[in-house]
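Novice: okay, predicted coordinates and the sequence, questions at the end:
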Amino acid sequence: MNELVIEKPLPTADGDSQAFWEGLRSGRLLLQHCADCGHVQYYQQRICRQCQSDNLQLKPASGKGTIHSYSVVYRAPGPAFKDDVPYAVLLVDLEEGPRMVSSLVGKDFDALDFDAPLTLKIIQINDVVSLPCFELAINELHSS
Amino acid sequence: MRNSRSLRGQVAIVGVGQSPSGRVPGRSPLDLTADATLKALADANMNKNAIDGVLTGNAFASSFHRFSIALSEYLNIQPSYSNTLQVSGATAGAAVNTAAAAIHAGLAETVLVACGDSLLTGMTPDMAIRAMTESRDQQYEMPFGIPVANTFAMTAHRHMKEYGTTAEQFAQVAVTFREHARRTPGAQKTEPITIDDVLHSKMVTTPYHKLDCSLISDGAVALILTSAEKAKEYTQHPVYILGGGEYYSHEHIFLMPTLTQTGAVESSKKAYQMAGITANDIDVAGIYDCFTGTVIMMLEDLGFCKKGEGGAFVESGEITYGGKIPTNTHGGMLSYAHPGIPAAWFHFAEVVRQLRGACGERQVAGAELGLVHTLGAGFSTQASTVLGTENTL
């Protein structure tokens, strides 16, 4: 098995997503706000998915969200994730409206529940890539 | 309802063939698909030169980018109409619908609709899983370790939350299809299982255990479609396309409009309208069963029961013999075979055989109207096809 096969898939920014990944590197999860219709969207593209305007403004998300659904992964999707299992993948409803895929920081699976509050935690993977992950908001209370 | 733009009764499936399936080592995807094609030709008493159209899906274990073209060369066919379609698990239904449309429109007269892959022995299990996972977005999904299985898992999980669907009800789908597979020659898994067996099998991705998940297999199926006018030249039992409908609601799982209701509502509505029927009229169904919960959600969205009642519907025996809609009588992807994209071609093969009355001890008595519903990519892609015997025209 060659090395390509066991490397984790990491995002490669394109023209649509350059600012998004740069934003994460500087610690911000950027959402696109349409100045014409007010639609807030995740992920990034040149035009608003609701009204097709290109009058989009980037604004950092508050980092607050809730769990819409989740799954705890025990069977790794390929060798690259074998060391990570079990881990939880999340569908996060952001305070601003958009929904996104993310993963849970830590392994407190018993505390996972629908509608549970989450807090953004940006994880640096390497010099180029930082991923927007989430932790349970209750954990933050405990640690503060 | 019946207008010049309807497919109703215009095209028929006249040949069905399949390669050995399950564990079939040492045979390439092209070999398996050609094998299935030769059997479909024999089934239709047809010379290969009658085929002027070829539609396929792609094979993960094959390096060819244009599988339909490579297959044509392998068989020494030079079609005037060809394409390799890619709408994930819905490719089977989309290919049958598209072939029927092409025939109706005069682009081709007789179309081979085939697909084969060797996910089980042509690749390592990890490679097979990875092939599936690569179909997710590399920027906004895969970096979080979310292959397609987890997208389906999260929809099922939300269904449990919203409607009280239980793990036992999911498990019943696997148990029922295993019972069906026991009657089907060539099924990959035939040992009986219980709800407890499913619940105690290894957790894969909550709420799905190993036995809630479809198999990994080798295998190929070929269907041959031709115009209704020509159909009787090849078989006494043409199975007619009565309606087709598709729907493509999203790419990313986080943009699925609602996690617990899918585009199968729209695709089936269109297919039923074209066929001039309702779900209540259907005698036998082939429903894409990548996971147990997928079937429960589809029974609701295809109109066999109300939203939220899929679990109870399955639990009360409605998807087996004597129930409201005997489903996946061959055993489905959960027990018969799941070679990837070709998997749903087996649903077509089974429903065609049911409508021919050729299923022996697993025959659904008096089956005249059948539905095949295929889907894929976290419910992104949906294709419904209504099939019927000559009596239904």
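Specialist: Thanks, I have it.

Novice: could you use CA atoms for every contact and neighbour count after this?
Specialist: Fine.

Novice: just give the nearest non-adjacent residue to the residue in the stretch 151-300 of chain B that chain A sits nearest to, would you?
Specialist: Proximity of the stretch 151-300 of chain B to chain A (Cα to the nearest Cα) peaks at residue B:205, 4.3 Å away. Once flanking residues are discounted, residue B:205 sits nearest to residue A:73: 4.3 Å by Cα to Cα, 6 or more residues apart in numbering or on different chains.

Novice: again, but for residue B:159
Specialist: residue B:260 (5.6 Å).

Novice: can you pull the contacts of that neighbour?
Specialist: Applying Cα atoms under 8 Å, 6 or more residues apart in numbering or on different chains, we find residue B:260 in contact with B:155, B:156, B:158, B:159, B:297.

Novice: just to revisit the earlier point, give me the beta-bridge partners of the residue nearest to residue B:205?
Specialist: For residue A:73, the beta-bridge partners under DSSP bridges are residue A:87, residue B:205.

Novice: and it, what pLDDT?
Specialist: pLDDT, residue A:73: 96.

Novice: for residue B:2, same thing?
Specialist: 49.

Novice: out of the contacts of residue B:260, who's nearest residue B:373?
Specialist: Proximity of those to residue B:373 (Cα to Cα) peaks at residue B:297, which lies at 12.1 Å.

Novice: which residues does that closest one contact?
Specialist: B:260, B:261, B:307, B:310.

Novice: specify the local secondary structure of it.
Specialist: For residue B:297, the assignment made with DSSP: H, G, I helix; E, B strand; the rest coil gives helix.

Novice: measure it to residue B:290 for me?
Specialist: Residue B:297 sits 12 Å away from residue B:290 when distances are taken as Cα to Cα, to the nearest Å.

Novice: now residue A:91: how far from residue B:154?
Specialist: Counting by Cα to Cα - residue A:91 and residue B:154 are separated by 8 Å.

Novice: which neighbours do the two share?
Specialist: Counting by Cα under 8 Å, 6+ apart, the common neighbours of residue A:91 and residue B:154 are A:69, A:70.

Novice: the residue nearest to residue B:205: what's it in contact with?
Specialist: A:85, A:86, A:87, A:88, A:89, B:150, B:204, B:205, B:206.

Novice: pick out whichever of those sits closest to residue A:78.
Specialist: Residue A:78 has its nearest neighbour among the contacts of residue A:73 in residue A:85, at 10.9 Å by Cα to Cα.

Novice: pull the number of nearby residues for the closest one.
Specialist: Residues lying near residue A:85 (other Cα atoms under 10 Å in any protein chain shown) number 15.

Novice: dump the residue contacts of residue 46.
Specialist: Just going to use chain A. Neighbours of residue A:46 in contact, by Cα under 8 Å, 6+ apart: A:16, A:54, A:56.

Novice: wrong one, I was asking about chain B
Specialist: Contacts of residue B:46 (Cα under 8 Å, 6+ apart): residue B:234.

Novice: measure it to chain A for me?
Specialist: 43 Å (Cα to the nearest Cα, to the nearest Å).

Novice: likewise for residue B:138?
Specialist: From residue B:138 to chain A the distance is 6 Å (Cα to the nearest Cα).

Novice: how about the secondary structure of the closest residue in space to that residue that isn't next to it in sequence?
Specialist: Leaving aside its sequence neighbours, residue B:138 sits nearest to residue A:11 (Cα to Cα, 6+ apart; 5.6 Å). What three-state DSSP gives for residue A:11 is coil.

Novice: only the C-alpha atoms, please, for the helix or strand hosting residue B:39, written as CSV.
Specialist: Using DSSP states H and E, residue B:39 falls within helix B:29-43. What follows is helix B:29-43, C-alpha atoms only, in CSV (Å, rounded to 0.1, in the frame of the first residue of the first chain):
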residue,chain,number,x,y,z
PRO,B,29,-15.1,-6.0,-13.6
LEU,B,30,-15.2,-6.1,-17.4
ASP,B,31,-15.1,-9.9,-17.5
LEU,B,32,-18.0,-10.1,-15.0
THR,B,33,-20.0,-7.5,-16.9
ALA,B,34,-19.4,-9.2,-20.2
ASP,B,35,-20.4,-12.5,-18.6
ALA,B,36,-23.7,-11.0,-17.5
THR,B,37,-24.2,-9.4,-20.9
LEU,B,38,-23.8,-12.8,-22.8
LYS,B,39,-26.3,-14.3,-20.4
ALA,B,40,-28.8,-11.4,-21.0
LEU,B,41,-28.4,-11.9,-24.7
ALA,B,42,-29.0,-15.6,-24.4
ASP,B,43,-32.0,-14.8,-22.2
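
Novice: for the record, mean pLDDT for that helix?
Specialist: Here the average pLDDT along helix B:29-43 is 98.

Novice: repeat that for stretch B:232-241.
Specialist: 97.

Novice: so residue B:157 touches residue A:72, yeah?
Specialist: No - assessed by Cα atoms under 8 Å, residue B:157 is found out of contact with residue A:72, at 10.6 Å.

Novice: who in chain B is up against chain A?
Specialist: By Cα under 8 Å from any Cα of the partner chain, the residues of chain B that approach chain A are B:126-127, B:129-130, B:133, B:138-147, B:150, B:153-155, B:157-158, B:161, B:203-207, B:253-255.

Novice: okay, and which of these map to strands?
Specialist: Among these, the members found in strands (DSSP state E) are B:203, B:204, B:205.

Novice: which of those residues lies closest to residue B:73?
Specialist: The closest of those, once distances to residue B:73 are taken by Cα to Cα, is residue B:204, at 40.1 Å.

Novice: number of nearby residues for that closest one?
Specialist: Neighbours of residue B:204 (other Cα under 10 Å): 23.

Novice: contacts only, for it.
Specialist: For residue B:204, the contact set (Cα under 8 Å, 6+ apart) comprises A:73, A:74, A:75, B:210.

Novice: measure it to residue B:375 for me?
Specialist: Counting by Cα to Cα, the gap from residue B:204 to residue B:375 is 21 Å.

Novice: likewise residue A:14?
Specialist: In terms of Cα to Cα, residue A:14 sits 29 Å off from residue B:375.

Novice: for the residue nearest the centre of chain B, give me phi and psi.
Specialist: Compute the mean C-alpha point of chain B, and by Cα atoms, centre = their mean the closest residue is residue B:344, 2.2 Å away. Dihedral pair for residue B:344: phi -80, psi -10, per degrees, to the nearest 10.

Novice: pretty sure it sits against residue B:328.
Specialist: No - contact criterion Cα under 8 Å: residue B:344 and residue B:328 do not qualify, at 10.4 Å.

Novice: just give the nearest non-adjacent residue to residue A:7, would you?
Specialist: Of all residues beyond its chain neighbours, the one nearest residue A:7 is residue A:80 (5.5 Å), with distances taken as Cα to Cα, 6+ apart.

Novice: secondary structure class for that neighbour?
Specialist: Strictly by three-state DSSP, residue A:80 counts as helix.
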